[in-house]
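**Q** Structural data only, the sequence is not supplied:
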């Protein structure tokens, strides 16, 4: 009899919760005109609350509306068991926490229900034929070599939001691991400047030796490896100590530099020696040298660490090496109709994390080459601004941003629809770009 009573109590409780949910849905349906915007607010609260108990963490959000669905994405954490209980029982997660302190502001059970309004809102968009839209959370930081400045572009609107003065002739730029700081090579000041991403103020500097241009960060975000063209060196900087811990002699005029994802290798390319120097990251010594074609500009490891790509500006090609053997796999050349070969000068590169496509900036040709990263064949070209130099993905790799030195702008490429969607004037001689989610 006791078991029967207990089972009946649970069944009555479940029925009560179900009736409560049905009633709330009905009430919301009756007031849909007054609550059309509530779903977005509730989802934003859920995203914020998912990381509310983690100190010094921010959350980025995407809302994607297309013809068939609405997607809401964020980089926070999953619902906890406590949150799921609140959703099922239709009570605040604070109540479910039995008085435990929390910084959460939302009521997951209540807010989750209101998101059913999405179906009605989407129906209205489909019936009225209004265009789909995408909201992005990217912030772009672009170094302006001639303006001695840093330009900030809103990735959601594609608009220049701010320009701040920094050091002389800023070029290379890297975002810190915690995304709170930017490291910027102020070449004519012979230093790396540290810029706070919130205030955009210079808050420190790192000893880079003479004429820093390109540099790379190790996977853990603890060290920077800087190319010093004038001294034929790679300077190794301990970020936390703000101290140069070693200088590694390399070939003449080092330019490109990359760190392997597993942290085993640092590769430096020297423009005059025409070599890729394989530096053991533990010993900080050159283990091997690989001959490449004239004027190697950029080096890049694939995300799986299996290949190294090196762009050669004068030769007009990209060399792909097998990392395990350090042997050449293939040289990729470029031919663009109505563009002379001397204008095809490969420089900056980006390869998506799945190694599906690679993108190569081709300098004065004003093109970005699209390469099938599996077959190593060129499949397309994008026409962008003049003297495209460097490029960077959006965090979701759905967009590609290019910096165009002579047209003084950046180009935004929609990779899903395979087209250039916008050109944004940013200032004189944009050189490098970093993207913060």
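**A** Received it, and whenever you're ready, just let me know what you need. This one's a predicted model, so the numbers in the text were calculated from it and none came from an experiment.
**Q** Confirm residue 5 sits in a helix?
**A** Yes. Counting by DSSP: H, G, I helix; E, B strand; the rest coil, residue 5 is found in a helix.
**Q** Next one: it from residue 14, what distance?
**A** For residue 5, the distance to residue 14 (C-beta to C-beta, to the nearest Å) stands at 15 Å. In short, each C-beta sits where N, CA and C put it, glycine included.
**Q** Settle it for me: which of these two has more neighbours?
**A** residue 14 (12 against 9; other C-beta atoms under 10 Å).
**Q** residue ranges with poor pLDDT in the stretch 251-400 of the chain?
**A** Under the criterion of pLDDT under 70, none of the stretch 251-400 of the chain is flagged as low confidence.
**Q** show me where it has strands.
**A** 254-259, 265-270, 275-280, 285-291, 296-301, 307-312, 317-322, 327-333, 349-351, 357-361, 367-372, 377-383, 388-393, 399-404 (DSSP state E, counting those that start in this stretch).
**Q** Looking at these, spot the one closest to residue 340.
**A** strand 367-372 (12.4 Å; C-beta to C-beta).
**Q** Pull the contacting residues for residue 189.
**A** 167, 168, 169 (C-beta atoms under 8 Å, 6 or more residues apart in numbering).
**Q** now do 10 Å
**A** For residue 189, the contact set (C-beta atoms under 10 Å, 6 or more residues apart in numbering) comprises 148, 166, 167, 168, 169, 170, 205, 208, 211, 212.
**Q** follow-up on the earlier one: tabulate the strands of the stretch 251-400 of the chain (TSV), appending mean neighbour count and distance to residue 419.
**A** Shown next, in TSV, are those (neighbours: other C-beta atoms under 10 Å; distance: least, C-beta to C-beta, whole Å):
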stretch	mean neighbour count	distance to residue 419
strand 254-259	24	29
strand 265-270	26	32
strand 275-280	21	34
strand 285-291	14	37
strand 296-301	25	24
strand 307-312	25	24
strand 317-322	21	23
strand 327-333	14	23
strand 349-351	22	17
strand 357-361	24	14
strand 367-372	21	12
strand 377-383	15	8
strand 388-393	25	16
strand 399-404	26	11
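**Q** okay, those strands in TSV with distance to residue 154 next?
**A** Output for the strands of the stretch 251-400 of the chain, formatted as TSV (distance: least, C-beta to C-beta, whole Å):
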stretch	distance to residue 154
strand 254-259	29
strand 265-270	34
strand 275-280	37
strand 285-291	41
strand 296-301	27
strand 307-312	30
strand 317-322	32
strand 327-333	34
strand 349-351	21
strand 357-361	22
strand 367-372	22
strand 377-383	22
strand 388-393	15
strand 399-404	12
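**Q** Of all the ones you listed, which one is nearest residue 152?
**A** Of all the strands of the stretch 251-400 of the chain, strand 399-404 comes closest under C-beta to C-beta, at 12.7 Å.
**Q** In the sheet, which strands lie alongside the closest one, parallel or antiparallel?
**A** strand 388-393 (antiparallel), strand 409-414 (antiparallel) (DSSP bridges).
**Q** Quick one: closest of those strands to residue 162.
**A** strand 409-414 (14.5 Å).
**Q** Could you pull up the mean pLDDT of the closest one?
**A** Average pLDDT, strand 409-414: 97.
**Q** Could you pull up the contacting residues of the closest residue to residue 403 other than its chain neighbours?
**A** Spatial nearest neighbour of residue 403, chain neighbours left out: residue 430 (4.1 Å); criterion: C-beta to C-beta, 6 or more residues apart in numbering. The contact partners of residue 430, taken as C-beta under 10 Å, 6+ apart, are 142-147, 149, 151, 385, 387-390, 402-410, 424.
**Q** Switch the strands paired with strand 399-404 over to TSV, and while doing so, append distance to residue 72 to every line.
**A** Listed next are the strands paired with strand 399-404 as TSV, based on distance: least, C-beta to C-beta, whole Å:
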stretch	distance to residue 72
strand 388-393	21
strand 409-414	20
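**Q** that older thread, make a PyMOL selection of the buried ones in the contacts of residue 430.
**A** The buried residues among the contacts of residue 430 can be selected in PyMOL (16 or more other C-beta atoms under 10 Å) with this line:
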select buried, resi 142+143+144+145+147+149+151+385+387+388+389+390+402+403+404+405+406+407+408+409+410+424
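**Q** what's the spacing between the residue nearest to residue 377 when sequence neighbours are not counted and residue 317?
**A** Closest residue to residue 377 apart from its sequence neighbours, by C-beta to C-beta, 6+ apart: residue 371 at 6.9 Å. Relative to residue 317, residue 371 is positioned 11 Å away (C-beta to C-beta).
**Q** what's the answer for residue 293, then?
**A** 6 Å.
**Q** joint contacts of those two?
**A** 310, 311, 331, 346.
**Q** Rebuild those as TSV, extending it with distance to residue 297.
**A** Below are the shared contacts of residue 293 and residue 317 laid out as TSV (distance: C-beta to C-beta, whole Å):
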residue	distance to residue 297
310	8
311	5
331	15
346	7
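**Q** and which of these is nearest residue 325?
**A** Using C-beta to C-beta, those come closest to residue 325 at residue 310, 15.3 Å.
**Q** For residue 175, find the nearest of the strands of the stretch 251-400 of the chain.
**A** Using C-beta to C-beta, the strands of the stretch 251-400 of the chain put strand 388-393 closest to residue 175, at 9.7 Å.
**Q** Tell me which stretches of the stretch 51-200 of the chain form helices.
**A** 81-89, 93-96, 108-114, 117-128 (DSSP state H, counting those that start in this stretch).
**Q** before we move on, back to that, shared neighbours of residue 371 and residue 317, which are they?
**A** With C-beta under 10 Å, 6+ apart, residue 371 and residue 317 have common neighbours 332, 334, 360.
**Q** Can you lay out these as TSV showing distance to residue 268?
**A** Listed next are the shared contacts of residue 371 and residue 317 as TSV, based on distance: C-beta to C-beta, whole Å:
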residue	distance to residue 268
332	21
334	24
360	20
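**Q** from the residues you listed, which is closest to residue 178?
**A** For the shared contacts of residue 371 and residue 317, the nearest to residue 178 is residue 360 (30.0 Å; C-beta to C-beta).
**Q** Skip the chain neighbours and tell me the closest residue to that closest one.
**A** residue 369 (4.4 Å).
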